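Novice: after the sequence you'll find the predicted model.
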Amino acid sequence: MLTTFFTGTSSVASFFGYVTYIDFMNNLGHCNFELIPKWIFSFFPPLKYFMYTPSFHSLHHTQFRTNYSLFMPIYDYVYGTMDKSSDFLYESSLKRPQELPDVVHLTHLTTQESIYHLRLGFASLASRPHTSKWYLSLMWPVTLLWSLILSWNYGHTFVLESITFQKLKLQSWVVPRYNIQYMLQWRRESLNSLIEEAIVDAELRGAKVLSLGLLNQGEELNKNGELYLQKYPQLRIKLVDGSSLAVAVVLNSIPKGTTQVFLRGNLTKVAYAIADALCERGIQVAIPYKDEYEKLRLRLTTKSKNNLILSASYADQKTWLVGDGWNEGEQLKASKGTLFIPFCQFPPKKMRKDCFFYSTPAMITPTSLINMHSCENWLPRRVMSAWRVAGILHALEGWNVHECGNTLFNIEDVWGASLRHGFRSLVVPI
C-alpha cells in the first residue's frame with residue numbers, strides 16, 4: 001500500500017480492497033475452525049499455493065518453525081519450511097464428527113448487511129443488536145459479492161449457532177436468502193424447497209423439534225408450515241410456528257388496567273388469536289377499517305363479538321398492537337405517549353420520539369443457557385424471539401404434536417411453561 005501511495009498509483013478502491021482482503025484472510029487464519037471445502041482445491045489445484053487454510057496456519061502457532069507464510073503458502077514450499085503434516089491435518093479437520101441437535105430453529109438472512117452480524121462475520125457486530133452502520137455502506141462491493149455467492153451458489157442451509165440448555169442441544173440454521181427474496185412470488189417454490197430440505201435433514205439427524213423463524217412460516221409461502229405436513233404426513237420431527245407463545249407474550253405486554261386497544265396490521269394467525277383472547281377477557285379491540293372488522297367478527301365467538309368495535313379515532317387509543325402491512329404514516333395520528341406493541345416478526349419503523357415502542361415478541365433467556373454470545377437480529381443480548389423459544393419449550397415439555405397451520409395451543413399453558421423453565425418477559429421499550 002505504501003508503494004502505491006508514494007508512486008501515485010493508489011486509489012480508494014485499491015485501499016478498501018486491500019484492507020478487506022487482509023482483514024478477511026487474517027480472520028480466516030485465526031478462526032480455529034476448518035471451513036475451506038476440499039472441492040475448491042480439487043477444482044483448481046494451484047490454489048493451494050496461493051491461499052492458506054485455518055489448519056495450515058494453526059501449525060505455525062503449534063510447531064513454531066513451519067508455515068511462516070502470510071496468506072500464500074507458496075513461499076513455504078519454495079524455502080522448504082512447509083510442515084509435512086499440513087495436508088493430513090487439513091483432511092482430518094474436515095472429517096470432524098457431525099453434531100446432532102435436539103432442536104433446530106430455522107431462520108434466514110434479512111438485509112444484505114446482515115451477513116456481517118452473523119457469528120461468522122464480525123464478532124463485535126454479532127454481539128450487538130442489528131442496526132444499520134454507515135461504514136458498512138462503504139463495503140458495498142464486498143457485500144454485493146457475498147450476496148451473489150450466497151444466493152446463486154449456496155444451495156442449502158448452514159449452521160449459525162450451537163447452544164446448550166437443560167441437556168438439549170439447540171442449533172440455529174440459516175436459509176441463505178434475504179427478506180426481499182421472500183417477497184417475490186416466483187421464488188416461493190425454491191424457498192419452500194430449501195425449507196423442506198432443512199426439515200428432512202433435521203429429521204435425519206434425529207432432531208425432535210424444528211421451529212420456523214421469520215418469513216420461513218409465511219402464510220402465503222407455506223400456510224404457516226402446514227404445506228410440509230401435507231407432503232410428509234408421517235413426519236416424526238415436530239414443526240412449530242410459535243404463534244401460541246407470540247400471542248402470550250403480546251397479551252402479557254399489555255399494561256394492566258387497559259380496557260381498549262387499537263389493532264393495526266395484517267390479519268395473521270397471531271392477530272386473530274390476540275383479538276379473540278382480548279375480547280374474551282372483556283377488553284375492547286378497536287379496528288379502523290370495516291373490511292378488517294368484518295373479517296375479525298367472523299372468527300370471534302358470539303359472546304366476545306360485542307367487544308370488537310369499529311373506530312377510526314386514532315388519537316383516543318393509548319395502546320396500539322401493530323403488525324406487518326401497517327401503514328406507518330398512521331403513527332403520526334397517534335397521541336403523545338402512545339404505546340406501540342408489535343405482534344409481528346419484524347420491528348416497525350419508529351417515526352415518533354414522543355411515543356413508546358416495545359420489541360417484537362421475545363423473552364429473556366435463563367442464565368443456564370450456554371454459549372449464546374451473539375444477538376438474534378435486532379434483539380438485545382441473551383434475548384430470544386418468542387418463535388424460537390416456542391421450539392425449545394416444545395422439546396422440554398415433550399409435546400408430541402405439531403404447532404403449525406391453524407393449530408394453536410392453550411395460551412395460558414404455553415406462557416406458564418415458559419416461566420417454569422426460566423424464561424422471563426421482556427417488556428422494556430427499546
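Specialist: Noted; the coordinates are in hand. Everything numeric here is computed off the predicted structure, so don't read it as measured data.

Novice: mean confidence for stretch 131-141?
Specialist: In this model, stretch 131-141 has a mean pLDDT of 76.

Novice: ends of that stretch, what's the gap?
Specialist: 20 Å (C-alpha to C-alpha, to the nearest Å).

Novice: next: stretch 33-52.
Specialist: Termini of stretch 33-52 sit 13 Å apart (C-alpha to C-alpha).

Novice: give me the buried positions along that stretch.
Specialist: 34, 36, 41, 48, 51-52 (16 or more other C-beta atoms under 10 Å). Every residue, glycine included, has its C-beta placed from N, CA and C.

Novice: got it, and stretch 190-207?
Specialist: Buried residues in stretch 190-207, counted by 16+ other C-beta under 10 Å: 191-192, 194-195, 198-199, 202-203, 207.

Novice: likewise for stretch 297-310?
Specialist: Buried-residue list, stretch 297-310, by 16+ other C-beta under 10 Å: 300, 304, 307-308.

Novice: give me the subset of the residues you listed lying in helices.
Specialist: Taking DSSP state H, every one of the buried residues of stretch 297-310 sits outside helices.

Novice: dump those to a markdown table, plus distance to residue 263 and pLDDT.
Specialist: Converted to a markdown table, the buried residues of stretch 297-310 look like this (distance: C-beta to C-beta, whole Å; pLDDT from 0 to 100):
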| residue | distance to residue 263 | pLDDT |
| --- | --- | --- |
| 300 | 12 | 81 |
| 304 | 14 | 79 |
| 307 | 12 | 91 |
| 308 | 9 | 91 |
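
Novice: tabulate these (TSV), appending distance to residue 240.
Specialist: Below are those laid out as TSV (distance: C-beta to C-beta, whole Å):
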residue	distance to residue 240
300	25
304	27
307	30
308	29
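
Novice: now the two most distant members of the residues you listed.
Specialist: 300 and 307 (8.4 Å; C-beta to C-beta).

Novice: shared neighbours of these two, anything?
Specialist: The contact sets of residue 300 and residue 307 overlap at residue 279 (C-beta atoms under 8 Å, 6 or more residues apart in numbering).

Novice: and the closest residue to residue 85 other than its chain neighbours, what is it in contact with?
Specialist: If the residues on either side of it in the chain are set aside, residue 85 comes closest to residue 59, at 6.8 Å by C-beta to C-beta, 6 or more residues apart in numbering. Applying C-beta under 8 Å, 6+ apart, one finds that residue 59 lies in contact with 66-67, 83, 85-86, 89.

Novice: where's residue 59, which helix or strand?
Specialist: In this structure, residue 59 sits in helix 54-63 according to DSSP states H and E.

Novice: could you do residue 390 as well?
Specialist: Residue 390 belongs to helix 386-397, assigned by DSSP H and E.

Novice: contacts for the helix or strand that that helix is followed by next, please.
Specialist: Remark: after helix 386-397, the chain's next helix or strand is helix 411-420, criterion DSSP H and E. For helix 411-420, contacts defined as C-beta under 8 Å, 6+ apart pick out 244-245, 247-249, 251-252, 273, 277, 363, 389-390, 393, 396-397.
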